[in-house]
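In: here is a sequence together with a model predicted from it:
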Amino acid sequence: MPGNRFGRAGPGPQGPQEANPSAGGGDPGIGLALRLERELDALSAEVARSLRDEIGPQLTGLRTLAASLESRLAGSEPTLSPLAAVVLRQADSLIESVRALVARVRPDALSCGGLPEALRALAADWRLRRPGCRVEVLLDPPDDAGFGLASPAIETAALQAAAAAFERALGASAATGIVLAASRSDSRLVLQIEHDGAGPGVAKGRAAVPAWFASAQARIAALGGESQIERGELGGTSIVVRLPWRAAAGGLPGGAGSPV
């Protein structure tokens, strides 16, 4: 059965399979099955985005309100403080449920939308996990079609690096804010990640590759890219990843392609 660039059944380099009902060994049923699978993937991605972008922020707002209420009542109305604590625990439980549901309905991180959508999903997940943190993703070009689709190896390496940086920053480094800027030209993809958590543990300037980034760095180097981790000018950490830009096979001119 034909597969798309991530090994999932879907459109190949010549475009959507439903345009040729006899594709797949002359069996029109295969073309129909491929179209239905793509439609299901698109629907799953839309449900995941709605949960992430619409319900997620409301839950994090509810949790922030409950935490504030618990703190205030602890001093002024100690008898009511436990009720606020119950609301806070319920908010945490709902947030975890939404995260679990998003993980269940969302297709493979890079199969629907490519790297821009995967980076947005990564940021949204961390907003749910760390409601009080500032988490931003900046893209250049800003629209998905303009950003385009890279080869699977390039996108996987970039996403792995971003995920490792977010885990370190918002986990062990206890950052209160992180900004990821992704830009691409005709020949290069650049990720720049900055956060205000604990620095890499060396003097200001370029640091040796830490253990938590070693796997991502090895993948980057194998693709002809490079990475560096530095202590920021005002503390915190700056991570820069540079990868060669290789457009995905079957993409439209300029690098844009159909994500589903």
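Out: Thanks, I have the structure now. Numbers count the residues shown, from 1 in each chain.
In: alpha carbons only for contacts and neighbour counts from here, please
Out: OK.
In: who's in contact with stretch 169-181?
Out: With contact meaning Cα atoms under 8 Å, 6 or more residues apart in numbering, stretch 169-181 is reached by 126, 130, 132-140, 162, 166, 191-199.
In: emit the PyMOL select command for whichever of the residues you listed are buried.
Out: Selecting only the buried entries of the contacts of stretch 169-181 in PyMOL, with 16 or more other Cα atoms under 10 Å as the criterion:
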select buried, resi 126+130+133+135+136+137+138+139+162+166+191+192+193+194+195+196+197+198+199
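In: do a quick rundown of the helices in this protein.
Out: For the chain, the helices defined by DSSP state H occupy 28-50, 56-76, 81-105, 114-129, 144-147, 152-167, 214-222.
In: just the buried positions in the shortest one, please.
Out: Within helix 144-147, the residues that qualify as buried by neighbour count (16+ other Cα under 10 Å) are 144-145, 147.
In: could you do the second one as well?
Out: Applying a neighbour-count criterion of 16+ other Cα under 10 Å, one finds 56-57, 59-60, 62-67, 69-70, 73 buried in helix 56-76.
In: so which other helices or strands are in contact with that helix?
Out: Packed against helix 56-76, as judged by 3 or more Cα pairs under 8 Å, 6 or more residues apart in numbering; DSSP states H and E, are the following elements: helix 81-105, helix 114-129.
In: least reliable of the ones you listed going by mean pLDDT?
Out: Among the helices and strands packed on helix 56-76, helix 81-105 carries the lowest mean pLDDT, a mean of 75.
In: got the buried residues of helix 144-147 as CSV, with pLDDT and distance to residue 94 columns?
Out: Written out in CSV, the entries for the buried residues of helix 144-147 read as follows (pLDDT from 0 to 100; distance: Cα to Cα, whole Å):
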residue, pLDDT, distance to residue 94
144, 86, 30
145, 86, 34
147, 91, 34
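In: if we can go back for a sec, so can I have a markdown table of the helices of the chain showing distance to residue 237?
Out: A markdown table is the format used below for the helices of the chain (distance: least, Cα to Cα, whole Å):
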| stretch | distance to residue 237 |
| --- | --- |
| helix 28-50 | 30 |
| helix 56-76 | 26 |
| helix 81-105 | 27 |
| helix 114-129 | 17 |
| helix 144-147 | 26 |
| helix 152-167 | 10 |
| helix 214-222 | 16 |
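In: right, so of these, which gets closest to residue 236?
Out: For those, the distance to residue 236 is smallest for helix 152-167, at 12.1 Å, taking Cα to Cα.
In: now the angle between helix 114-129 and that closest one, please.
Out: On the basis of axes from the mean of the first three to the mean of the last three Cα atoms, to 10 degrees, helix 152-167 is oriented at 20 degrees to helix 114-129.
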